[in-house]
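Asks: no sequence for this one, just the structure:
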């Protein structure tokens, strides 16, 4: 059995970027977390991270993940 090639392995001193704080929004990825009422998920009715005045259909994180799984598995 041969030894695995470790010459292309990532350096051990590499540092991952930390996720933004809960009160900071990433441009285009997460809604701005501001004070006030939250919009309800259109599928399950749970509160989302979106503000109540957010336009469009809002989904909670769980329903977003489940919807993505359904789309990925359709052929």
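Replies: Received, thanks. Every value quoted in this text rests on a predicted model; they were computed, and no experiment measured them. Numbering: from 1, shown residues only.
Asks: buried residues, the top strand by length along the chain. List them.
Replies: The residue-count maximum for a strand in the chain (DSSP state E) belongs to strand 47-51. Neighbour-count burial for strand 47-51 flags 48, 49, 50, 51 (criterion: 16 or more other Cβ atoms under 10 Å). Placement of C-beta: from N, CA and C, glycine included.
Asks: okay, helices next: where are they in this protein?
Replies: Per DSSP state H, the chain carries helices over the ranges 61-73.
Asks: still on that earlier bit, which one among the buried residues of strand 47-51 gets closest to residue 37?
Replies: residue 51 (7.4 Å; Cβ to Cβ).
Asks: I'd like to know how far the closest one sits from residue 73.
Replies: Relative to residue 73, residue 51 is positioned 31 Å away (Cβ to Cβ, to the nearest Å).
Asks: repeat that for residue 36.
Replies: Distance from residue 36 to residue 73, by Cβ to Cβ: 36 Å.
Asks: pLDDT score for the closest residue to residue 42 other than its chain neighbours?
Replies: Once flanking residues are discounted, residue 42 sits nearest to residue 57: 4.8 Å by Cβ to Cβ, 6 or more residues apart in numbering. For residue 57, the pLDDT comes out at 88.
Asks: circling back: so what does the longest strand of the chain touch, helix or strand wise?
Replies: With contacts taken as 3 or more Cβ pairs under 8 Å, 6 or more residues apart in numbering; DSSP states H and E, strand 47-51 sits against strand 38-40.
Asks: what packs against the strand it packs on?
Replies: strand 47-51.
Asks: who does the strand it packs on pair up with?
Replies: strand 38-40 (antiparallel) (DSSP bridges).
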